[in-house]
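Undergrad: just the structure for this:
(chains A and B)
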Number of protein chains: 2
Amino acid sequence: MQNSIRVGIAGYGNLGRGVETAIQKNPDLQLVGIFSRRDPATVSPCFAETQVYAMDSLSDFQDKIDVLILCGGSKDDLPQQGPILASQFNTVDSFDTHARIPEYFAAVDAPALANKKTAMISIGWDPGMFSINRLFGEALLPDGETYTFWGKGLSQGHSDAIRRVEGVKAGVQYTIPSTDAIEKVRSGTRPTLTTKEKHQRECYVVLAEGADAKAVEQAIVTMPDYFADYNTTVNFIDEETLKKDHQKMPHGGFVIRSGNTSDEQNQVVEFSLKLDSNPEFTASVLVAYARACYRLNQMQQYGAKTAFDVAPGLLSMKSPEQLRKELL
Amino acid sequence: MQNSIRVGIAGYGNLGRGVETAIQKNPDLQLVGIFSRRDPATVSPCFAETQVYAMDSLSDFQDKIDVLILCGGSKDDLPQQGPILASQFNTVDSFDTHARIPEYFAAVDAPALANKKTAMISIGWDPGMFSINRLFGEALLPDGETYTFWGKGLSQGHSDAIRRVEGVKAGVQYTIPSTDAIEKVRSGTRPTLTTKEKHQRECYVVLAEGADAKAVEQAIVTMPDYFADYNTTVNFIDEETLKKDHQKMPHGGFVIRSGNTSDEQNQVVEFSLKLDSNPEFTASVLVAYARACYRLNQMQQYGAKTAFDVAPGLLSMKSPEQLRKELL
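TA: Numbers count the residues shown, from 1 in each chain, chains lettered A, B, ... in the order given. Purely as a prediction, here's the structure:
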């Protein structure tokens, strides 16, 4: 019997690097290699011993990889790669376009089932751990309301939007959950809150030479969809400060369920994350679910699966006996 | 096919009343009745339509109950009832003597397996939801520390200890988690903390006539095991205030995992509960797991199971498709 679960990484950006790093913390997993669309000679892995191969050579590794972690993006990569790779490997991915999950699930389910593979989709923290906690909240307190807050976190989409504004040389945007709104929810009053009431937006902007700060600020705070309906603050900083203080990718958030078990008894269940590095944490979740994916496949649980289908015990390195003794 | 899962309640104290109430919030469950060791004529259920039967008549109900929720205590009732009832029914219980869980698991596992029943043990919030979150923390952040804080909560054992002190007429004790310790943990510094550093004890005492307050306070704060090593405060109140302000059974706590995905990146995962009623919330968890218990039994998953063995989706009234669409 083999001693460890053999893992491959398909796609090597921030998430792929996070997976490479996370595998080091999981002694029962063994990294077979990184598979990249770039020329392998141009890819520099985080660890010298990591092998890098061409994505095209993946099918030669069908007998050498127990679980392949797909680290591509949800917009263009996964919809195309997921179904193909799920016919050849057990896979884990972080597909996070919430509205398209049912469609993606079906697209991956059929090839996985046909080839007796297990394909875990939409793993990470949202979707993923947050989803599990939304489910727990509803199931444990059927008479209640669920609130999801995001942040404090760097938002890629909003940062891109800022950078498209005329007069902006560089910039980042943080989504900040409203402390007032969180406290209201925690108090058990079950308030009605829109996404906009729950979050503020904080921008750090480096102006282009000669740009008018007032005009840039105005263009940002009035931008429809992105900023107009939010409480948005714009801070102007120099390039050096941007490099020094805003290179990390923090994120996190809160899932709070407030409910009543009877008229007088309010109960509040809260799950939260405070992450220094969004991609490293997401990667760490993917790696734990790679273990579960392998085990589900061994149990002949084929087809597409989500975090809802995984018993917590399957995520752990420890045996069921150990878990009951040490953690229950 | 039957429309709802038929549930029985064995034992009718605070927890049993909570289960009776929780079933009302779960339209796919149907209460068959309460089974009590007391004379059924002397038992007053929360809802007029609830049937009350003698515990001895339980075996006549083997074909009428899909899941039996055991609401007895962990010290005397469950070790005796659990193994017997698991041979006749699918069962869910809240066995919470942590150190004896492996032994209890084995005692329930054998009769359940032999009779193709499913016996869910140690369900509730600790053990239960807190256990799941300790497991998630370890699995998602293998390089880290887990911290469990309890409270603010009424502690039955410590309240009993106070009431045994000479000069005390009545009293309650609350366990309070230390705000300082929680903040230290949240900051990601992974401090070393003993249970005593993590909690304070707050006592509300009604003095017996003629008792010496100073002496009572001294006897409490120096009581070995219970109070001596804690920061303990004693508040003297009159009987009316005790009745008015201290009849609820609040509880809760925090499970926090602080870990590193790489040297520079700290990640904090936190789960917390703020409960107005400890028994009603525990009951609500038992009821959600009764649904999962029934489903596991339908899937031929026999024997003893814990919260670690239950995929989150099994807890929900919703179908897997609905869950993926609405909650993922």
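
Undergrad: give the contact list for residue A:316.
TA: For residue A:316, the contacting residues are A:291, A:323, B:135, B:138, B:139, B:308, by CB atoms under 8 Å, 6 or more residues apart in numbering or on different chains. Where you see a C-beta, it was placed from the backbone N, CA and C, and this is true even at glycine.

Undergrad: tally up the residues packed near the fourth one, please.
TA: When neighbours are defined as other CB atoms under 10 Å in any protein chain shown, residue B:138 has 22 of them.

Undergrad: those helices in the stretch 101-250 of chain A, which residues are they?
TA: Assigned by DSSP state H, counting those that start in this stretch, the helices in the stretch 101-250 of chain A fall at A:101-114, A:129-140, A:156-163, A:179-186, A:195-198, A:213-221, A:239-245.

Undergrad: so where's chain A shaky on pLDDT?
TA: Applying pLDDT under 70 to chain A flags residues A:1-2.

Undergrad: looking at it, which helix is longest?
TA: Assignment by DSSP state H gives helix A:278-298 as the longest helix of chain A.

Undergrad: may I see the buried residues of that helix?
TA: Buried residues in helix A:278-298, defined by neighbour count with 16 or more other CB atoms under 10 Å in any protein chain shown: A:278-297.

Undergrad: return the residues of the stretch 51-200 of chain A in contact with chain B.
TA: Residues of the stretch 51-200 of chain A found near chain B (CB under 8 Å from any CB of the partner chain) are A:98, A:101-102, A:105, A:122, A:127, A:129, A:131-136, A:138-143, A:186, A:188.

Undergrad: one more time with 10 Å, if that's ok
TA: Selection of the stretch 51-200 of chain A residues close to chain B by CB under 10 Å from any CB of the partner chain yields A:95-96, A:98-99, A:101-102, A:104-105, A:121-122, A:125-144, A:146, A:186-188.

Undergrad: in the stretch 51-200 of chain A, what residue lies closest to chain B?
TA: The stretch 51-200 of chain A approaches chain B most closely through residue A:139 (3.9 Å), counting by CB to the nearest CB.

Undergrad: make CSV out of the contacts of residue A:316 and add distance to residue A:77.
TA: CSV is the format used below for these (distance: CB to CB, whole Å):
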residue, distance to residue A:77
A:291, 23
A:323, 35
B:135, 31
B:138, 31
B:139, 26
B:308, 34
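
Undergrad: which of those residues sits closest to residue B:27?
TA: Each of the contacts of residue A:316 was scored against residue B:27 by CB to CB, and residue B:308 proved nearest at 27.9 Å.

Undergrad: mind checking how far the closest one is from chain A?
TA: The gap separating residue B:308 from chain A is 4 Å, by CB to the nearest CB, to the nearest Å.

Undergrad: now that residue. Nearest residue, chain neighbours left out?
TA: In space, not counting the residues next to it along the chain, residue B:308 is nearest to residue A:313; the distance is 3.7 Å by CB to CB, 6 or more residues apart in numbering or on different chains.

Undergrad: who's in contact with the residue of chain A most remote from its centre?
TA: Within chain A, residue A:210 marks the point farthest from the mean C-alpha position, 38.6 Å out by CA atoms, centre = their mean. Shown in contact with residue A:210 (CB atoms under 10 Å, 6 or more residues apart in numbering or on different chains): residue A:167.

Undergrad: backbone dihedrals for it, please?
TA: The phi and psi torsions at residue A:210 (degrees, to the nearest 10) take the values phi 80, psi 0.

Undergrad: next: residue A:43.
TA: When quoted as degrees, to the nearest 10, the phi and psi of residue A:43 stand at phi -90, psi 130.

Undergrad: OK, contacts around the nearest residue to it once chain neighbours are set aside?
TA: Distances taken as CB to CB, 6+ apart place residue A:52 nearest to residue A:43, at 4.7 Å, with adjacent residues excluded. Residues counted as contacts of residue A:52 (CB under 10 Å, 6+ apart) are A:9, A:12, A:33-36, A:38-45.

Undergrad: tell me which of those is nearest to chain B?
TA: Nearest member of those to chain B, counting by CB to the nearest CB, is residue A:45, at 13.9 Å.

Undergrad: so how many other residues sit close to that closest one?
TA: Using other CB under 10 Å, residue A:45 is surrounded by 19 other residues.

Undergrad: one more: residue A:91?
TA: The tally of other residues near residue A:91 (other CB under 10 Å) stands at 29.

Undergrad: my guess is it meets residue A:108, correct?
TA: Yes - counting by CB atoms under 10 Å, residue A:91 touches residue A:108, with 7.6 Å between them.

Undergrad: where do the contact lists of the two overlap?
TA: A:78, A:82, A:83, A:85, A:117, A:119, A:120, A:121, A:304.

Undergrad: from residue B:313, how far out is residue A:307?
TA: 9 Å (CB to CB, to the nearest Å).

Undergrad: who touches both of those two?
TA: Listed contacts common to residue A:307 and residue B:313 are A:132, A:135; contacts here mean CB under 10 Å, 6+ apart.

Undergrad: spatially central residue for chain A, please.
TA: By CA atoms, centre = their mean, chain A has its centre lying nearest to residue A:124, at 3.9 Å.

Undergrad: my guess is that residue contacts residue A:95. True?
TA: Yes - with contact defined as CB under 10 Å, residue A:124 counts as touching residue A:95 (9.0 Å).

Undergrad: how about the closest residue to residue A:38 other than its chain neighbours, phi and psi?
TA: Closest residue to residue A:38 apart from its sequence neighbours, by CB to CB, 6+ apart: residue A:12 at 7.6 Å. The phi and psi values for residue A:12, taken as degrees, to the nearest 10, are phi -130, psi 70.
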